[in-house]
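K.L.:
structure of the sequence below:
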Amino acid sequence: MSTTRPYPPGDLGPEPGGAGASAAQAAPPVGQIRRLRLAGTRGAVARGRDFARQALHDWGWLPAASADRRAAAEDVLLVVSELVTNACLHAEGPEELRLRSTGKVLRLEVSDLGAGSPAPRSPHRPGRPGGHGMFIVQRLCLDWGVVRNADGTGKTVWAELAAPS
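P.N.:
Residues are numbered from 1 along each chain as shown. A predicted model of the protein is given here:
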């Protein structure tokens with residue numbers, strides 16, 4: 001287990017009604033940006049997920065006070081995992097993970113130096129192993145896209161999820 005995790009892997013914290021439930025009902029943060037440098041690090045996916053989990057705790061999404069809030073937090077952690085994994089597998093590794101809250105929307109950004117563009121495999125074949133990452137991102141997010149770096153080297157893959165109500 002990572003020393004940065006406040007709970008074991010897969011555990012998003014105490015159940016609703018436990019300690020900290022009132023903090024989970026706080027309004028989502030507005031205008032906050034968190035950055036994690038991932039270039040050249042080992043265990044980038046776990047580090048990115050731990051970083052996102054800590055931000056969700058700090059911002060009052062976790063521990064979740066309702067099933068909807070818990071599902072929203074789980075979606076964020078899954079999308080972070082998928083975006084960072086794609087950068088590891090297809091783009092020479094991630095450079096940076098950014099989390100940006102606008103109150104109603106949480107924007108996740110993963111920058112890398114790769115030349116390719118992610119896209120959901122079409123047609124999607126659920127029974128086949130692999131190739132589901134961008135399909136998952138597309139299904140869970142309000143929107144997602146790719147922004148190429150101005151110098152032509154690399155890109156930022158972004159995804160936006162709704163903040164819990």
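K.L.:
contacting residues around residue 154?
P.N.:
Residue 154 makes contact with 91, 95, 111, 112, 113, 114, 115, 148, according to CB atoms under 8 Å, 6 or more residues apart in numbering. C-beta: built from backbone N, CA, C; applies to glycine.
K.L.:
one more: residue 165?
P.N.:
Counted by CB under 8 Å, 6+ apart, residue 165 has contacts residue 68.
K.L.:
again, only this time at 10 Å
P.N.:
Residues near residue 165 by CB atoms under 10 Å, 6 or more residues apart in numbering: 28, 66, 68, 69, 72, 104.
K.L.:
buried residues in stretch 49-64?
P.N.:
Neighbour counts using 16 or more other CB atoms under 10 Å place 49-57, 59-64 of stretch 49-64 among the buried residues.
K.L.:
any regions of the chain where pLDDT drops low?
P.N.:
Counting by pLDDT under 70, the chain contains low-confidence ranges at 1-29, 124, 129.
K.L.:
show me where it has strands.
P.N.:
Along the chain, counting by DSSP state E, strands occupy 30-37, 94-102, 105-112, 143-148, 155-162.
K.L.:
what about the residue lying closest to residue 82 once chain neighbours are set aside, how many neighbours?
P.N.:
Excluding its sequence neighbours, the residue lying closest to residue 82 (CB to CB, 6 or more residues apart in numbering) is residue 133, at 4.2 Å. By other CB atoms under 10 Å, 20 other residues sit near residue 133.
K.L.:
over to the one 4 residues further on?
P.N.:
By the measure other CB under 10 Å, the count of residues near residue 137 is 22.
K.L.:
swap in the one 3 residues further on?
P.N.:
Taking other CB under 10 Å as the neighbour definition, residue 140 ends up with a count of 19.
K.L.:
could I get the contacting residues of it?
P.N.:
71, 72, 74, 75, 76, 78, 79, 82, 159, 161, 162.
K.L.:
rewinding a little: state the pair within the contacts of residue 165 that is farthest apart.
P.N.:
Maximum pairwise distance among the contacts of residue 165 (CB to CB): 17.2 Å, between 66 and 104.
K.L.:
residues touching the residue nearest to residue 82, list them.
P.N.:
For residue 133, the contact set (CB under 10 Å, 6+ apart) comprises 78, 79, 81, 82, 83, 85, 86, 89, 90, 118, 120, 121.
K.L.:
same thing with residue 38?
P.N.:
Contacts of residue 38 (CB under 10 Å, 6+ apart): 44-45, 47-48, 51, 84, 87-88, 93-97, 110-112.
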